[in-house]
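*Asks:* fold the following and give me the result.
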Amino acid sequence: MIRLSVNINKIATLRNARGGNLPDVVKAAVDCERFGAQGITVHPRPDERHIRYKDVTDLKKVVKTEFNIEGYPSEGFIKLVCSVKPAQVTLVPDPPDAITSNAGWDIIKNKSFLSDVVAKFKKHGIRVSVFVDTDLDNIRNAYKIGTDRVELYTENYAKQFPANNKKAISPYVAAAKALKGSGITINAGHDLNLDNLNYFAKNIPGLLEVSIGHALISDALYFGLENTIQLYLRKLRF
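*Replies:* Here you go, the predicted model:
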């Protein structure tokens, strides 16, 4: 079964908008697991506008499933991740002022940098995933940096899906096939939702995990968190 990792950044955004500790990010993570999520994802940014570095250390104490920390591998981020030792770290190429992730890594251009960063995390026993687009040259070079996984950046899929689902999925299928035999496994995330998730999951060979935050937390405002997680899990069962 494909695993669902819930990104709880938006819960932290709501908390930070008012101050205090409501909603409680740590409690939300525990509840997500209790409701069936198989992982918790956070993306701490340098300005801590949603998830704070302290949240990361607090969450490490309570997350019982798979803890995934994603972010740009700055010196501070590397230090945090190596200290916390999550199950997985996902490297994204976001500049500090990015609203959200908006591109995958150019692996060829950043080969040396990424190789060094991946090696640091793997020394601490942390599985490494690298955020990538569907460019096949990038995909075919992923093994050269030593990463365990890639996370396919699915914004383009989500944008094209309503008009032409077959056209939308095609480059992602090609990317997944290009990884066959490389030893690198596949995650996916960004703008996956209740409308497009099932089709994506059914058509991507070797998909192991999806990370979903904005859409899931938005749906929870209408359906409730427990029911929403179950709705997403059903989309991953076929």
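
*Asks:* in contact with the most centrally placed residue in the chain, which residues?
*Replies:* By C-alpha atoms, centre = their mean, the chain has its centre lying nearest to Ser211, at 4.2 Å. Shown in contact with Ser211 (C-beta atoms under 8 Å, 6 or more residues apart in numbering): Ser5, Val6, Asn7, Gly39, Thr41, Asn68, Glu70, Thr90, Glu151, Asn187, Ala188, Gly189. (Each C-beta comes from the backbone N, C-alpha and C, glycine too.)

*Asks:* check which element follows the helix or strand of the chain with the lowest mean pLDDT along the chain.
*Replies:* Among the helices and strands of the chain, helix 136-141 carries the lowest confidence by mean pLDDT, DSSP states H and E, at a mean of 92. Per DSSP states H and E, the first helix or strand lying C-terminal to helix 136-141 is strand 149-153.

*Asks:* partner strands of that next one and their direction?
*Replies:* With DSSP bridges as the test, strand 149-153 is paired with strand 127-132 (parallel), strand 185-189 (parallel).

*Asks:* ok, and what's touching the helix or strand that it is followed by?
*Replies:* Where DSSP H and E defines the elements, the next helix or strand beyond strand 149-153 is helix 155-160. Applying C-beta under 8 Å, 6+ apart, the contact partners of helix 155-160 are 102, 133-134, 167-169, 171-172, 190-193, 196, 200.

*Asks:* please state the offset of helix 155-160 from the chain centre?
*Replies:* Chain-centre distance of helix 155-160: 16 Å, with C-alpha atoms, centre = their mean, to the nearest Å.

*Asks:* what comes up buried for that helix?
*Replies:* Using 16 or more other C-beta atoms under 10 Å as the test for burial, helix 155-160 gives Glu155, Asn156, Tyr157, Ala158, Gln160.

*Asks:* and if you look at stretch 72-89?
*Replies:* Buried residues in stretch 72-89 (16+ other C-beta under 10 Å): Tyr72, Pro73, Phe77, Ile78, Leu80, Val81, Val84, Pro86, Ala87, Gln88, Val89.

*Asks:* gap between the two ends of it?
*Replies:* 10 Å (C-alpha to C-alpha, to the nearest Å).
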